[in-house]
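*Asks:* pasting the sequence and the predicted coordinates here, then a few questions.
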Amino acid sequence: MDELTLEREYFSRGFAAVCGVDEVGRGPLAGPVVCAAVILPLGEEQRIRGIDDSKKLSAAKRERLAEEIKKAARAYAIAEVDERTIDEINILQATRLGMKRAVEALSPAPDFVLTDGNMTLELSLPQRSIVKGDALVASIGAASILAKVYRDGLMRRYAEEFPEYGFERNVGYGTREHLEAIKEVGICRIHRRTFVKKYWDGRERPSPANT
């Protein structure tokens, strides 16, 4: 997916700064949901080739594309919503909040918003949601790549603090290794309590600073 068809369409309608927004991390048992927003340049000479849904790309290709996107984008922003907020307001609302924060952090500010899936954001800006947008719309795909690379890096750092769970491999998802660790040592501070109820016996692993 190298086209900017939709972005160019809205540009022709008078919108000068169309941003794409996506999230990563709605399903894991641990860690934040991460959202990114990107305004891509529309000039052919600045086109970034190879953008696609981040899940379809190898880790190495995602890393390379993330650097290209950061260098070429007119604007980009990344926002986290932590596990405590996810537990308080639920993952759907946390995702909407993260997307809103990412859009609002863009400079220059966008004048039209394209979101992945079926997501309406509490913004005064005109917006459109697109099912499978991360595979169909370049700016949404770029946002998915930035969010994925950022979150994977974050979970690798958490793996150093909490090595039992294999976060560097499962990035917080409920793999067998991860679930067995929860049964053996309990949960840590980045677990989503509302997500681990059926796997958790109430024990909490002390943070390293407390051990």
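*Replies:* Right, received. Where do you want to start? Residues are numbered from 1 along each chain as shown.
*Asks:* C-alpha from now on. contacts and neighbour counts both.
*Replies:* Noted.
*Asks:* packing partners of the helix or strand bottoming out on mean pLDDT in the chain?
*Replies:* Least confident helix or strand, the chain: helix 133-136 with a mean of 90, by mean pLDDT, DSSP states H and E. When contacts are defined as 3 or more C-alpha pairs under 8 Å, 6 or more residues apart in numbering; DSSP states H and E, helix 133-136 sits against strand 112-116, helix 138-161.
*Asks:* turn the ones you listed into a markdown table, including mean pLDDT.
*Replies:* Shown next, in a markdown table, are the helices and strands packed on helix 133-136 (pLDDT from 0 to 100):
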| stretch | mean pLDDT |
| --- | --- |
| strand 112-116 | 96 |
| helix 138-161 | 97 |
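*Asks:* from residue 63, how far off is residue 85?
*Replies:* Distance of residue 85 to residue 63, computed by C-alpha to C-alpha, to the nearest Å: 28 Å.
*Asks:* same question but for residue 137, I mixed them up
*Replies:* 19 Å.
*Asks:* and the two? Which one has more around it.
*Replies:* residue 137 (25 against 17; other C-alpha atoms under 10 Å).
*Asks:* the more buried one touches residue 4, doesn't it?
*Replies:* Yes - using C-alpha atoms under 8 Å, residue 137 is in contact with residue 4, at 6.8 Å.
*Asks:* just the helices in this structure please.
*Replies:* In the chain, the segments counted as helices under DSSP state H are 5-12, 59-72, 83-89, 91-104, 133-136, 138-161, 167-170, 176-185.
*Asks:* domain boundaries for this protein, per the record?
*Replies:* 5-153, 159-210 (automatic domain parsing).
*Asks:* sweet, I'm off.
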